[in-house]
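Asks: everything below, folded, please.
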Amino acid sequence: MQKIKVFIEQTVEGTDLPIPQYMSEQAAGMDLYACVEEDEILHKGEIKLIGTGIKIALPEGYEAQIRPRSGLALKYGITLVNAPGTIDADYRGEIKIIMLNVGKEDFIIKRGERIAQMVINKIEQIHWEVVETLEESIRGAGGFGHTGQ
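Replies: Prediction:
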């Protein structure tokens with residue numbers, strides 16, 4: 001597996017937190033940590049923006065996707081509003097997580113808690129070519145549920 005170099009900067013508030021890391025040898029996502037000064041309560045139904053204490057500089061042609069952690073989703077109903085969120089290669093601000101509590105109880109976010117995952121992907125940009133009609137396909141315009149599933 002090819003490894004690419006990505007530059008990371010920790011904010012002043014996040015210097016004591018771990019940088020993102022893979023938790024197993026073949027993991028696709030790296031855990032991101034909550035950079036909160038004190039415990040934050042995420043009430044049932046509430047949306048909150050939580051910092052991670054890091055900034056990154058991805059190479060051109062890459063993006064970072066921010067995804068929920070499955071353990072938090074299953075145990076507590078904690079998810080991300082815009083999953084997956086996208087961090088573009090030219091963004092240099094702190095990565096922040098838009099968390100949502102759809103669980104049955106309030107959730108306490110503690111400093112250094114693993115709150116999301118970040119997956120780095122290679123991307124391609126396209127150029128649109130406007131045509132009068134699209135080439136036909138077997139599926140055609142069949143939409144939602146058209147296969148009977």
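Asks: beta partners for Ile109?
Replies: On the basis of DSSP bridges, Ile109 is bridged to Glu40.
Asks: ok, so what distance separates it from Glu136?
Replies: Taking C-beta to C-beta, to the nearest Å as the measure, Ile109 falls 51 Å from Glu136. The C-beta positions use only the backbone N, C-alpha and C, and glycine is treated the same way.
Asks: neighbour count: those two, which is higher?
Replies: More crowded of Ile109 and Glu136, by other C-beta atoms under 10 Å: Ile109, with 20 against 7.
Asks: and Met99, how many neighbours?
Replies: 23.
Asks: ugh, wrong one, Asn121
Replies: 13.
Asks: who does it form a beta bridge with?
Replies: Going by DSSP bridges, Asn121 forms beta bridges with Glu63.
Asks: phi, psi of the residue positioned nearest the centre of the chain?
Replies: Nearest to the mean C-alpha position of the chain, by C-alpha atoms, centre = their mean, lies Ile66 at 0.6 Å. Dihedral angles of Ile66 (phi, psi; degrees, to the nearest 10) stand at phi -100, psi 130.
Asks: low pLDDT regions in this structure?
Replies: Counting by pLDDT under 70, the chain has low-confidence residues at 146-149.
Asks: you'd agree Thr11 is up against Ile19?
Replies: No. The pair Thr11 / Ile19 is not scored as a contact, 11.7 Å apart, by C-beta atoms under 8 Å.
Asks: joint contacts of these two?
Replies: Common neighbours of Thr11 and Ile19, using C-beta atoms under 8 Å, 6 or more residues apart in numbering, are Ile54.
Asks: from Pro59, how far out is the residue of the chain most remote from its centre?
Replies: The C-alpha centroid of the chain is most remote from Glu132, which lies 37.4 Å away (C-alpha atoms, centre = their mean). Distance from Glu132 to Pro59, counting by C-beta to C-beta: 38 Å.
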